[in-house]
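Engineer: Quick one, structure for this:
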Amino acid sequence: MKNSHSSAARRPGQRSPRWADWDDEALLDLRLCDLGLRVRGSTVEADVERLYGELARRGIAFRPHVWLSDSWFSPDGVPGIAVPFFAAQPRLCRLERRLIGEAEGGSGRWRMQLLRHEAGHALDTAYRLRRRADFRRVFGRVSQPYPRVYVARPASRDYVLHLPSWYAQSHPTEDFAETFAVWLGPKRRWRREYAGWPALEKLELVDRLMSEIAGTPPRNRDRTTIAPLHTNRRTLRAHYRHKQRRYADVESRWDAALRALLRPRAGARGERTLAGHAPALRRQLRQAGFHPYVVEHVLRVVAQRADELGLAPPTGRSAERRLAALHADLIRDLLRRNREHFVR
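Structural biologist: You can find the predicted model right below:
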């Protein structure tokens, strides 16, 4: 899936925060609760209204409440949606990209994909769909353990394709949320696009379930907000240090692998560095199903570490293939050690 890196433009009459023109160092010392951000008046507001419009056109009376937090999620037991603060303001999207390598939901199209997915979780909670026998028959039991790491089957037609890394394959709740997101999408071509796929049965079930609940109020109307931004007293600097630690501390473990494949740099001016291979490696690794967050992080860490060790890319016709295999191995190592697949 290709995601635009352009952030939504500021809406007419929307004022920039006082910190929008601060440099990164000054901004990082600001506490999250002091950002003063709310959904209303942010770049997320129009996306939420669009989501509500899509639900209304399908006859769904439910409107999940949306708040800003530090990541994308829909809490267990609460039929609402948390949106990361950086998705609400272009300046923060730029900071996120610089420090993490990607801003998940940094474009309007990507935000809508994520909002539809999280709306599926919220709607499941609101109407307690997972308790139904037909839900369990088609999607499976949600009581099964939620994996931190899963092995995707890219060729499988048992699941819809919506978010990257074949996320529907990770758990029955994600399978439902992804299927709902495809069903809700504006083009409504799912019957044609998934004709002949076993996943079509899941889409047909969602279609029937939505017809049944159309116009009915949700059974769970909890409006709690979990980990809202205005209660988070951590500074942006501390937030990003914590977030980067999930990916960091890998250099010493990977040095042997880098030295085994890369060659000592000759020191010749203009010699190509590992960073020069980044576009091709990025394309191959994303096609392999790795999430952009972890791809960008590993590309950056490996390139920096190679420079520190004075290493240059291998030569020969198979150089790019070997580099891609090395990066894929290091990504798997990172995911295995962190026990987390960064897919949302």
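Engineer: all strands of the stretch 1-150 of the chain, in order?
Structural biologist: For the stretch 1-150 of the chain, the strands defined by DSSP state E, counting those that start in this stretch occupy 65-69, 80-84.
Engineer: just these: most buried one?
Structural biologist: strand 80-84 (a mean of 24; mean count of other Cβ atoms under 10 Å). Yep, even glycine has a C-beta here, placed from its N, CA and C like the rest.
Engineer: any idea of the mean pLDDT for that one?
Structural biologist: For strand 80-84, the mean per-residue pLDDT is 98.
Engineer: and it, how far from the chain's centre?
Structural biologist: Put simply, strand 80-84 sits 12 Å off its chain's centre (Cα atoms, centre = their mean, to the nearest Å).
Engineer: One more: stretch 74-85?
Structural biologist: For stretch 74-85, the distance to the chain centre is 14 Å (Cα atoms, centre = their mean).
Engineer: likewise stretch 206-215?
Structural biologist: With Cα atoms, centre = their mean, you get 27 Å for stretch 206-215.
Engineer: In that stretch, which residues are buried?
Structural biologist: Buried residues in stretch 206-215, counted by 16 or more other Cβ atoms under 10 Å: 206, 209-210, 213.
Engineer: now those as CSV including pLDDT, secondary structure and distance to G140?
Structural biologist: Below are the buried residues of stretch 206-215 laid out as CSV (pLDDT from 0 to 100; DSSP: H, G, I helix; E, B strand; the rest coil; distance: Cβ to Cβ, whole Å):
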residue, pLDDT, secondary structure, distance to G140
V206, 98, helix, 15
L209, 98, helix, 15
M210, 98, helix, 20
I213, 96, helix, 21
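Engineer: quick one: which of those residues is nearest G310?
Structural biologist: Closest approach between the buried residues of stretch 206-215 and G310, by Cβ to Cβ: V206, at 55.0 Å.
Engineer: what's the closest non-adjacent residue to the closest one?
Structural biologist: Nearest residue to V206, sequence neighbours excluded (Cβ to Cβ, 6 or more residues apart in numbering): W183, at 4.7 Å.
Engineer: next one: R63
Structural biologist: Here the residue nearest R63, using Cβ to Cβ, 6+ apart, is Y52, at 5.4 Å.
Engineer: Run a quick neighbour tally on that neighbour.
Structural biologist: 17 (other Cβ atoms under 10 Å).
Engineer: Looks like it contacts H65 (just checking).
Structural biologist: No. Using Cβ atoms under 8 Å, Y52 makes no contact with H65, being 10.8 Å away.
Engineer: in this structure, which ranges drop under the pLDDT threshold?
Structural biologist: Scanning the chain for pLDDT under 70 picks out 1-14, 147-152, 154, 165, 246-253, 267-272, 293, 335-344.
Engineer: backbone phi and psi for R322, please?
Structural biologist: Main-chain torsions, R322, degrees, to the nearest 10: phi -70, psi -40.
Engineer: surely it meets L261?
Structural biologist: Yes. Between R322 and L261 there is a contact under Cβ under 8 Å: 6.1 Å.
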